[in-house]
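Enquirer: Everything below, folded, please.
(one chain, ligands or ions: 2)
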Amino acid sequence: QTAPSWWKEAVFYQIYPRSFYDSNGDGIGDLEGIRRKLDYLKELGIDAIWLSPIYDSPNDDNGYDIRDYYKIMKEFGSLEDFDRLLLEVHNRDMKLIMDLVINHTSDEHPWFQDAVENENSKYKDYYLFRKSKNDNLPPNNWTSFFSGPAWNYYKQQDLWALHLFSKKQMDLNWDNENLRSEIYQMIQWWLKKGVDGFRLDVINYISKKEGLPDGNEAVGKLMGYYGIEHYFYGPKLHTYLKELKREAFAPYQAFTVGETPGVGMRMAQLLTADYRKELDMIFSFDHLETPGHVRFEDYQYDLNYLKKYMIDWMEHYGSSCWMSLFYENHDNPRMISKVNPDPAYREVIGKLLAMILLTLKGTPFIFQGQEIGAVNQEFHRVEDLKDVESINLYHELEGTLGKEAAFHKVLSGSRDHARTPMQWDASKGAGFTKGHPWIYMDEDFKEWNVKKQTEDRLSVLNFYRELIRLRKNTKALVYGEFEVLNRKKKNLFTYLRKSGEETYLVECNLSNRTIKRDKYGEDYKSVISNYSDKTDCLRPYEATLYRKLS
Ligand code: TEU
Ligand code: CA
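Expert: Numbers count the residues shown, from 1 in each chain. Ligands and ions are numbered 1, 2, ... in the order given. Model (predicted):
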């Protein structure tokens, strides 16, 4: 049976600090801004906050390129601001986890700088420097996730260095023991301050196959990236994760959630089974697109796939593993827009998604803005895109597709959709800033904002609040068994959550069609719904939670 833990009972909230709340009018969110909004999060019912990176960084990838692990990014504030934030989070009985980006550092990190400049640098082996294969070609055919080859050339020593992400995010060599021990020290430094855990950025990529062989052509063509099979589940991954836990996390009982793209359920089980002592949870991403589709594609997401995926994990992940539940983060467009961009359905879909997120078995993660039903913004100009992935992809596609089609494709999957500022009120700057926001935002905030939704009893925001409160007071919704009722029926997702005497039933219409309601007996009483009355049919995206009367 599942062992209880605080992180299994918690509702998490991801903050993208740059876009959360700007306290000093420079247009960039900051730590003091987060501090001022802690009561908002507490009232929403949040138990734990995950901060996207706040370390010193030249911001080629908005902080996922770290220059100094021991400093705070200057736009965000100082270490004093951080200590104060952490104290106030704890004072409110909440937890704080940080983003830990240890697959790579910025090329401006002193280790990398020294390695490039000095032939005998002791940091040379901290990275993956290699000679040309032949004729001045890169050492292998691997490609970067952000377009182009995964190698930069450094003429100082006639060497290439590996970067799976941007040209300024240099992959670390985890096979170097000194590097590993410096990383463990750094982690302990933050744990000594009292942080409660970490989200580990692309942690499944840290171990690369010995010799860095060429990626398979067929795999490369299929995935769009060459070389991935040589590092997404590398030979020493489990060894390094066990060491990380033993040397850094375990002494502080720190919580960990690994970001692990592409691992699938079997590998996920090996990464998270509690007795294996590696990670507490992982983020898997296979449910974020309907199979056969990719993020940079304009199509409508089919919620029947979400149903299928969730049932599979609920039934097969196993009792030694615990699942994370989410559909949004800073790397993906907004889920409501993916499901159905028709504004008429925005509110009901927002609530339907909340219902599924907060009543399945696992730990829910809410991404900032999701709780007010945020949708993709209307970017009109290429210059308004800020994300390195979007910009690089645009330039890659421009030549072949032409400007307009390239822009359209980039917009269908741009990470910038999730990075527009939090919409606090209808005032200029959306209550996010008194200055000029660092990234484009359209007029949506005038109608869709926290202030307005706080005052509206039936808003998406109040739906989240109510559901979170319910979940926290209901054992069945946290540890209770999951049982699906309408496995085969298209567009209908109905399941039970049961624990001891308590039984709850969730009934969702996954489509914009009206469908006949099933009968579950008179003893099910509606607790919360995204429609205010009950009819014989389920209306578009209708979602209701019932309690069984004993
Ligand atoms: O994301 C890794 C990741 O899997 C996605 O970025 C994805 O690979 C990419 O969008 C290409 O499809 C993490 C962070 O969440 C992301 O913000 C960083 O840019 C990335 O790592 C590098 O640190
Ligand atoms: Ca600021």
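Enquirer: for ligand 1, what are the nearby residues on the chain?
Expert: 61, 64, 101, 145, 165, 201-202, 259, 261, 330-331, 389 (C-beta under 6 Å from any ligand atom). To be clear about C-beta, it is placed using only N, CA and C from the backbone, and glycine gets the same treatment.
Enquirer: For ligand 2, what is the nearest residue in the stretch 451-550 of the chain?
Expert: Lys451 (20.2 Å; C-beta to the ion).
Enquirer: That residue and Gln423 touch, don't they?
Expert: No - shown here, Lys451 and Gln423 do not form a contact pair, counting by C-beta atoms under 8 Å, at 9.1 Å.
Enquirer: Need the overlap of contacts for these two.
Expert: Common contacts of Lys451 and Gln423 (C-beta atoms under 8 Å, 6 or more residues apart in numbering): Gly431.
Enquirer: and Gly234, what pLDDT?
Expert: pLDDT for Gly234: 98.
Enquirer: Tell me who's in contact with it.
Expert: 204-209.
Enquirer: do Lys490 as well
Expert: So Lys490 contacts Asn304 (C-beta under 8 Å, 6+ apart).
Enquirer: When Lys451 and Gln423 are compared, which one has more neighbours?
Expert: Set Lys451 next to Gln423 and count neighbours by other C-beta atoms under 10 Å: Gln423 wins out with 24 against 16.
Enquirer: quick one, longest helix in this protein?
Expert: Ranked by residue count under DSSP state H, the longest helix found in the chain is helix 177-193.
Enquirer: Leaving out the residues flanking it, which one is nearest to Lys361?
Expert: Spatial nearest neighbour of Lys361, excluding adjacent residues (C-beta to C-beta, 6 or more residues apart in numbering): Phe482 at 4.9 Å.
Enquirer: Name every strand pairing with the strand or helix carrying the one you found and say which way it goes.
Expert: Here Phe482 sits within strand 481-484, counting by DSSP states H and E. Under the criterion DSSP bridges, strand 481-484 sits next to strand 492-499 (antiparallel) in its sheet.
Enquirer: Mind checking what secondary structure the nearest residue to Phe20 once chain neighbours are set aside has?
Expert: In this structure, Phe20 finds its nearest non-sequential neighbour in Gly29, 4.4 Å apart by C-beta to C-beta, 6+ apart. At Gly29, secondary structure determined by DSSP: H, G, I helix; E, B strand; the rest coil is coil.
Enquirer: who's in contact with Gly29?
Expert: Applying C-beta under 8 Å, 6+ apart, we find Gly29 in contact with 16-22, 76, 421-422, 432.
Enquirer: near ligand 2, from the residues you listed?
Expert: Asp22 (C-beta under 5 Å from the ion).
Enquirer: Which one of the contacts of Gly29 is nearest to ligand 1?
Expert: Tyr16 (9.4 Å; C-beta to the nearest ligand atom).
Enquirer: quick one, phi psi at the residue of the stretch 401-550 of the chain found nearest ligand 2?
Expert: Ranking the residues of the stretch 401-550 of the chain by distance to ligand 2 (C-beta to the ion) places Thr433 first, at 7.3 Å. Dihedral pair for Thr433: phi -150, psi 150, per degrees, to the nearest 10.
Enquirer: Identify the spatial nearest neighbour of it, chain neighbours not counted.
Expert: Closest to Thr433 by C-beta to C-beta, 6+ apart is Asp22, at 3.9 Å.
Enquirer: Touching, the one you found and Gly435? I think so.
Expert: Yes - counting by C-beta under 8 Å, Gly435 is a contact partner of Asp22 at 7.0 Å.
Enquirer: Looking at the two, which has the bigger crowd around it?
Expert: For Asp22 versus Gly435, the count of surrounding residues by other C-beta under 10 Å is larger for Asp22: 26 against 14.
Enquirer: show me the contacts for that one.
Expert: Asp22 makes contacts with 28-30, 33, 421, 432-435, 437, as judged by C-beta under 8 Å, 6+ apart.
Enquirer: what do you get if the cut-off is 7 Å, keeping everything else the same?
Expert: Shown in contact with Asp22 (C-beta atoms under 7 Å, 6 or more residues apart in numbering): 28-30, 33, 432-433, 435.
Enquirer: Can you list the low-confidence ranges for this protein?
Expert: Within the chain, no stretch has pLDDT under 70.
Enquirer: Which residue lies closest in space to the residue of it found nearest ligand 1, excluding its sequence neighbours?
Expert: Closest approach between the chain and ligand 1, counting by C-beta to the nearest ligand atom: Tyr64, at 3.4 Å. Sequence neighbours aside, Val101 is the residue nearest to Tyr64 in space, at 5.4 Å (criterion: C-beta to C-beta, 6+ apart).
Enquirer: Assess the claim that the one you found and Asn62 are in contact.
Expert: No - Val101 is not in contact with Asn62 according to C-beta atoms under 7 Å; the separation is 11.1 Å.
Enquirer: quick one: which of the two has more around it?
Expert: Val101 (28 against 22).
Enquirer: so who does that one touch?
Expert: Contacts of Val101 (C-beta under 7 Å, 6+ apart): 53, 64, 66, 201.
Enquirer: which two of those residues lie the greatest distance from each other?
Expert: Ile66 and Asp201 (9.7 Å; C-beta to C-beta).
Enquirer: And those two? Which one has more around it.
Expert: Neighbour count, other C-beta under 10 Å: between Ile66 and Asp201, Ile66 has more, with 28 against 19.
Enquirer: So what sits opposite the residue nearest to the more buried one when sequence neighbours are not counted in the bridge?
Expert: Nearest residue to Ile66 in three dimensions, chain neighbours excluded: Tyr55, at 4.7 Å (C-beta to C-beta, 6+ apart). Counting by DSSP bridges, Tyr55 is bridged to Ile72.
Enquirer: distance of Arg35 from Ile28?
Expert: 15 Å (C-beta to C-beta, to the nearest Å).
Enquirer: higher neighbour count, these two?
Expert: More crowded of Arg35 and Ile28, by other C-beta under 10 Å: Ile28, with 23 against 20.
Enquirer: My read is that that one contacts Ser19, right?
Expert: No - counting by C-beta under 7 Å, Ile28 stays clear of Ser19, with 8.5 Å between them.
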